[in-house]
Structures are given as C-alpha cells and as structure tokens.
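Undergrad: using only what follows, build the 3D model:
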Amino acid sequence: GEIGPQRLLREGFIAPDYAVVAGFTYSAVTAHNGCLHLEVTLKGRSAHAAIPNTGADALEAMSKVLSALYDYRNHLSGIHSAVEGIESPTLSVGLIQGGINTNVVPDRCVIRLDRRIIPEENPGLVEQELTSVIGLAVQGCTDIELQIRRILLALPFKEVEGTRPLLEALRANWTQVMGEGELPVQGVPLYADARHFTEAGIPTVMFGAGPRTLEEANGHRADEHVRLQDVAAAARIVTFTLYDLLRQQG
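TA: Now for the predicted structure:
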C-alpha cells in the first residue's frame, strides 16, 4: 500500500471522511496485526571442505540464529491480544539462502523472517527485541559478520475516533441484506492497506466481498476464490451504507 493509498493520502490526491477497505462479507474488521520483515545476513569465509577449520562457516552460525529465533517464537504464544479474532504474535522464517557447493564451507547465509505484531505491541520495541536475539545468538562465532536489514514495517491497524457512524451504518444494512442478525466486528491476524488510512486519522472499516475465513477461500493457495453471492451482497451493503452516510450529511 505504500505506492497506493499511502502515496495518495500523503500527496493529497484523496482526503476521505471515511474509508471502507477490502475485507470480508461476513464481518467488519476494525483491527489487524502489524508486520515486520527482516533480512539477516551472515558473512564468513569460504574454505575447502577437506580443511574446513580454515574457513568461517556462515551456515553453522546461522543455525545458532535459527535456534534462537525458534526459542524466541515459543514464548510469543504466552502473549495474548484483547482483540477478538487476533490471538498471539507470530514468527516464521520464510526464506533461507546460502552456500556455494557441496565441497565448500559456506561463506554467506541469508534468511528472511516475518514477525506479526499484535495491536497492543510497540513495533519499535519488537524490532529492537528481535535484533537483540539475533545479535546474542552469533556472539562467540569467530570471523562472522552480521548484517540486519529491515525489509518492511507495517504498523497495526486500530480503530480511531469517529469510526462508529460508519460501523453503525454498515451494521444496519448488513442485517437488512444478509438477514443474519448483527454484523460481527473483529480483528484479523493479517495486515492490509487499512493501516494507512487510520495512520492519517481517517475512520476506517475493512469490509467487502470475502469469505467467512481465509481457509474457506483457499487464501494464498491454488484456486483462491470468492463466491459471487458474497460479492453481490457486499456490493449492496456498501451501496446502501454510502447512501445513508451521504443522506446524513444533508
């Protein structure tokens, strides 16, 4: 969203009173996790596998980093968000690259990690904590150089003042169209463009043509899809909501 809504807001191309950002037909979302992506590079010294002690094994050092990160991940399950739909912070290592050949001590190893940040956490402190965990893991590794680069920092999305009129208009029209009682309001563990609007102080709700769960839609897997009846229902609800909000403005 940095070259989309963030740029449009920053450069003044749009100045909305409210924002309805892509979401789900069966719930309104008023909070989502933040996300930190880090790239960790360890540089050592290559050597022939017949005399490995003459090198500095970057892959061996990275194994210490991975072990420290997975130990750190275990304690995250003890941290819980108060937002319904969001549970605990998570950490995953999604990419690893390293080595030259089977018979060469690897002089370089790179990983990229994903740390999801619940709304109650301070993103800056999360990054400091991770950097410390990684740094301590390679202490004592001879001739190993550590580099940590931030790839992405997406702040959590939280409800801001003035969101209630938008939410109430959505709720009334959702009940009328869906006939299922009251629109559920929750958070989600993913991160999205909604954060850019609330960072600008704009009341924002995630709602739209989507499933009850990401699993139901095969999210980020083969045959990801939405149902046409959900698209139609969401279009009607947003249209009626827009009409009601504009009518309130006179």
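Undergrad: just the buried residues of whichever helix or strand residue 91 is part of, please?
TA: Counting by DSSP states H and E, the element that carries residue 91 is strand 90-98. Neighbour-count burial for strand 90-98 flags 90, 91, 93, 98 (criterion: 16 or more other Cβ atoms under 10 Å). To be clear about C-beta, it is placed using only N, CA and C from the backbone, and glycine gets the same treatment.
Undergrad: how about those in CSV, adding pLDDT?
TA: Supplementary listing: the buried residues of strand 90-98 in CSV, determined by pLDDT from 0 to 100:
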residue, pLDDT
90, 97
91, 98
93, 98
98, 96
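Undergrad: from those, pick the one nearest residue 77.
TA: Distance to residue 77 across those (Cβ to Cβ) is lowest for residue 90, with 8.8 Å.
Undergrad: look up how far residue 37 lies from that closest one.
TA: For residue 90, the distance to residue 37 equals 13 Å [Cβ to Cβ, to the nearest Å].
Undergrad: find the residues that touch each one of those two.
TA: Each of 114, 115 lies in contact with both residue 90 and residue 37 under the rule Cβ atoms under 8 Å, 6 or more residues apart in numbering.
Undergrad: which residues of this protein score low on pLDDT?
TA: 250 (pLDDT under 70).
Undergrad: ok, which stretches of it are strands?
TA: Counting by DSSP state E, the chain has strands at residues 19-21, 28-32, 34-43, 47-48, 90-98, 104-105, 108-117, 145-154, 185-188, 204-206.
Undergrad: those: which one's closest to residue 61?
TA: Going by Cβ to Cβ, the one of the strands of the chain nearest residue 61 is strand 34-43, 5.0 Å.
Undergrad: specify the angle between that closest one and strand 108-117 in degrees.
TA: On the basis of axes from the mean of the first three to the mean of the last three Cα atoms, to 10 degrees, strand 34-43 is oriented at 160 degrees to strand 108-117.
Undergrad: for strand 34-43, packing partners?
TA: With contacts defined as 3 or more Cβ pairs under 8 Å, 6 or more residues apart in numbering; DSSP states H and E, the packing partners of strand 34-43 are helix 58-76, strand 108-117, helix 123-137, strand 145-154.
Undergrad: name the stretch among the ones you listed that sits most buried.
TA: The highest mean neighbour count among these, using mean count of other Cβ atoms under 10 Å, belongs to strand 108-117: a mean of 20.
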